[in-house]
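Q: Sequence first, predicted coordinates after that:
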Amino acid sequence: MIIKIDGQKIFSGSFTELFIETVKTFQTGKNSASSSGKKANNVSTSSENYLTTITNASLELENHHSLHANIRAAHAILKEEEFIGSKVDLKKMDKLFSARNTEKILWLGSQSELKYFINGISKLLVESNRKWINVKAVFIKKTGSPFYNVDNPGSSPHKSKMRLLDKAINCLIN
């Protein structure tokens, strides 16, 4: 994984190495360099002490520019049904589905619900082959931690939740 900000490479390594660098950053309270010499600079934190900004991770939709009304409708459903956090406004949701995403998205639903939603919209994703890498980089749980195993097989969401998610999915794919 390579992370760039304004065209400048700031990190090169695996997700695990990035995670270790992030933990070191939180432990020292400032940016630090790993023993391998790989940098993890320009990391923003919040008072909850987890990453709130990211680079090069989005769920860009094909023809994003023509889907604003669809994204608005899907956002309303996801927010109303409490799948996303109250601070996830329409602007953040629009950026998530563009190539410009720089923020984490708080997913309040279960891991199986997130997986169901992403699988439902995957045919619209520009980089569907990277969807799980990007999901892990973008979505966080209530605790602030990422969904590490979202790509693993698991249980399905409850049928009532699936129907609600289908409404949001259908907003995006129709």
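A: Looks like it came in fine. Numbers count the residues shown, from 1 in each chain.
Q: Buried residues of stretch 79-92, list them for me.
A: With burial defined by 16 or more other C-beta atoms under 10 Å, the residues of stretch 79-92 counted as buried are 79, 81, 83, 84, 85, 88, 92. (Each C-beta comes from the backbone N, C-alpha and C, glycine too.)
Q: So the chain: which segments form each domain?
A: Residue ranges for the domains of the chain, per automatic domain parsing: 1-43, 64-173.
Q: Which one of the ones you listed lies nearest to residue 58?
A: domain 64-173 (3.7 Å; C-beta to C-beta).
Q: average model confidence for the closest one?
A: Averaged across domain 64-173, the pLDDT comes to 92.
Q: what two of the buried residues of stretch 79-92 have the greatest distance between them?
A: Within these, two members stand farthest from each other by C-beta to C-beta: 81 and 92, at 17.1 Å.
Q: Tabulate the domains of the chain (a markdown table), appending distance to residue 58.
A: A markdown table is the format used below for the domains of the chain (distance: least, C-beta to C-beta, whole Å):
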| stretch | distance to residue 58 |
| --- | --- |
| domain 1-43 | 13 |
| domain 64-173 | 4 |
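Q: Most tightly packed of the ones you listed?
A: Scoring those by mean neighbour count under mean count of other C-beta atoms under 10 Å gives domain 64-173 as the most buried, with a mean of 17.
Q: End to end on that one, go ahead and measure it.
A: 11 Å (C-alpha to C-alpha, to the nearest Å).
Q: What of stretch 84-91?
A: Using C-alpha to C-alpha, the end-to-end distance of stretch 84-91 comes out at 13 Å.
Q: nearest spatial neighbour of residue 154, skipping sequence neighbours?
A: Excluding its sequence neighbours, the residue lying closest to residue 154 (C-beta to C-beta, 6 or more residues apart in numbering) is residue 112, at 5.5 Å.
Q: Now the one you found: phi and psi?
A: Here the main-chain torsion angles of residue 112 (degrees, to the nearest 10) amount to phi -70, psi -30.
Q: could you check the distance from it over to residue 85?
A: 18 Å (C-beta to C-beta, to the nearest Å).
Q: And for residue 116?
A: Applying C-beta to C-beta, the value for residue 116 to residue 85 is 18 Å.
Q: Residue 59 in helix, strand or coil?
A: State at residue 59, reduced to three classes by DSSP: H, G, I helix; E, B strand; the rest coil: coil.
Q: Tell me which of the buried residues of stretch 79-92 fall in helices.
A: Among those, DSSP state H puts 79, 92 in helices.
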